[in-house]
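Novice: need coordinates for the following:
(2 chains)
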Amino acid sequence: MKKVITRFAPSPTGKLHIGGVRTALFNFVYARQNNGKFLVRIEDTDKERSTKEFENNILENLSSLGLVPDEEPINQSERDEIYIKAAEKILESGNAYWCDCSADELEKMRKEQTALGKKPMYDGRSRNLGLSRSDKTVLRLATPENGEVIVNDLIRGEIRFNNNELDDLILLRSNGSPTYHLCNVVDDYEQSVTTVIRGEDHISNTPRQIHIQNALGYPSLEYAHLPLVLGTDKKRLSKRNAATSLEEYKEKGYLDTAILNSLARLGWSQGDKEVFYLDELIKEFKLEDVQKAGAIFDISKLDWLNSQHLSNLTLDEFKQKLKPFLKNLNIDIEAHLNVDKLIESMRTSENTLSGISAALEPYYKDIKMYDEKAIEKFIKDKSRLVELRTLLNDIDNWNQETIENVLKDFQVKNELSVPAVNQPIRISLVGSTKSPGLGLTLSIFDKNQALKRIDNLISHLG
RNA sequence: GUCCCGUUCGUCUAGAGGCCUAGGACACCGGGUUUUCAUCCCGGCAACAGGGGUUCGACUCCCCUACGGGAUGCCA
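Specialist: Next up, the predicted model:
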């Protein structure tokens, strides 16, 4: 049995895309569960659109997710020689020919075909012309005209294509540079790739690539075409309908593990289990069980998954993850008297780290803005607040239990409703009516801070 | 247009001819806990695209239609 080798082959024409992450993940997991290798190959043959910046973004993000390739990634842009050699081999074997059709001519041809209701495709007009190489000729593969190619797909089974549906694709451009199909096939062979796991949008490329393999005498590969990740408009996820780059999700405060989890569950499931970590995926994932239909990426499921992954973190881990998000708000996470108590009581307040950070802001900084509606509803005049301040000021033993008892006594004695007592204090402390239990919230601040905040609200009321 | 792939609750999915009165999760709605918010717990709503076969029996198998997506580049 040959060692399984998978690869993720992005072209660096944009930041690491969430759909790309899923492709990489499935490649990684499949390699791991077969004790094989996971490779990354940068397909930067399009010199116009490829940038080093994007390449670095892809590589860095991949490794931050833990999808680390087992070998140093290679760049196709540095391997022209190998591809050209392969192209020459195909030419020598008689399976390729030079074609001098201009862009205009080809466009005209396609228009005519379309007008006749035919599939626009190169008609092979230069095939038997015996042209030789020039700066105006491209090298085309002589695709078999009859018969069919069968793609054996791990997810979809056999897919058949008639050879007469396939036109003679370009191997070498007129400037001599190799094209995607050639490079892709050659590198899969050169890197001993055994299994190609990629997006469904490549299905129709597969028979063409198989023809190149055949012309080169390469062994056949295993294929798995993944359903596409879709936006809510049912079209492939694009900037038009959602955040597409991994970076954007990280910046919003989604955990790597949660992102991976939600991507894995898109198109695949295992019983009733929803929460997965990478090691569990490696144990339980089955490529054959992947769904065939495209799947809409639902942010609310990610939100929930994120909350699950967040709650599975220890307090220390959680604080580490939160730290940079607070820093973005100019907050030093340790700059609070009761950091651990505060963070622990607030960690379920929102689903994302950025959301939690925002919710934490009033605990670290003075209240900039009070919820005026809440003030209107719960604070008729400041006299009660003044009264409560005195009450709290008299507490010597400043802890949650004592505070709660004092407030309860006051509330019962004066026959007041709980909100009538609690909400004014809460608004003083955090600016709104949202906070953990009041005794807990008060004890998170020290007595002086708490009284100060009450004073601030009193003076705000004027 | 042509070729290819697909189609179960709003969304992700379970379902390999009787186990389906179609299960779970998210979302949503209602209730409980917290007399705030969030968490948590309980409950509810909600789907086999349509039509033909095959079969004693079809979500499951076959065909057609419809719809959706992908591909049709000297992009990858």
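
Novice: ok, A:I82 - contacts?
Specialist: Contacts here follow Cβ atoms under 8 Å, 6 or more residues apart in numbering; on that basis A:I82 touches A:V186, A:E190. Just so you know, the C-beta spots here come from the backbone N, C-alpha and C atoms, and that holds for glycine as well.

Novice: any idea how far A:V186 is from it?
Specialist: With distances taken as Cβ to Cβ, to the nearest Å, A:I82 is found 6 Å from A:V186.

Novice: do the same with A:D303
Specialist: The span separating A:D303 from A:V186 equals 43 Å under the rule Cβ to Cβ.

Novice: hey, C-alpha coordinates of stretch A:77-93 in CSV?
Specialist: Coordinates of the C-alpha atoms in stretch A:77-93 are reproduced here as CSV (Å, rounded to 0.1, in the frame of the first residue of the first chain):
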residue,chain,number,x,y,z
SER,A,77,6.9,30.0,-10.1
GLU,A,78,10.3,28.6,-9.4
ARG,A,79,9.8,25.4,-11.3
ASP,A,80,9.3,26.4,-14.9
GLU,A,81,12.1,24.1,-16.1
ILE,A,82,10.4,21.0,-14.9
TYR,A,83,7.1,21.9,-16.5
ILE,A,84,8.6,22.9,-19.8
LYS,A,85,10.5,19.6,-19.9
ALA,A,86,7.3,17.7,-19.3
ALA,A,87,5.6,19.7,-22.1
GLU,A,88,8.5,18.8,-24.4
LYS,A,89,8.1,15.2,-23.5
ILE,A,90,4.4,15.4,-24.5
LEU,A,91,5.3,17.1,-27.7
GLU,A,92,7.9,14.5,-28.6
SER,A,93,5.4,11.7,-28.0
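
Novice: what about it, near RNA strand B?
Specialist: No: using Cβ under 7 Å from any atom of the strand, stretch A:77-93 never reaches RNA strand B; the gap is at least 9.7 Å.

Novice: repeat that for stretch A:431-449.
Specialist: Yes: Stretch A:431-449 lies in contact with RNA strand B when judged by Cβ under 7 Å from any atom of the strand; the contacting residues are A:T433, A:K434, A:S435, A:P436, A:G437, A:L438.

Novice: how about the strands in the stretch 51-200 of chain A?
Specialist: Along the stretch 51-200 of chain A, counting by DSSP state E, counting those that start in this stretch, strands occupy A:74-75, A:96-99, A:138-141, A:148-153, A:157-162, A:170-172, A:195-199.

Novice: can I get those in CSV with distance to RNA strand B?
Specialist: Supplementary listing: those in CSV, determined by distance: least, Cβ to the nearest atom of the strand, whole Å:
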stretch, distance to RNA strand B
strand A:74-75, 11
strand A:96-99, 8
strand A:138-141, 5
strand A:148-153, 8
strand A:157-162, 4
strand A:170-172, 4
strand A:195-199, 8
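
Novice: having no further points to raise, I will conclude here.
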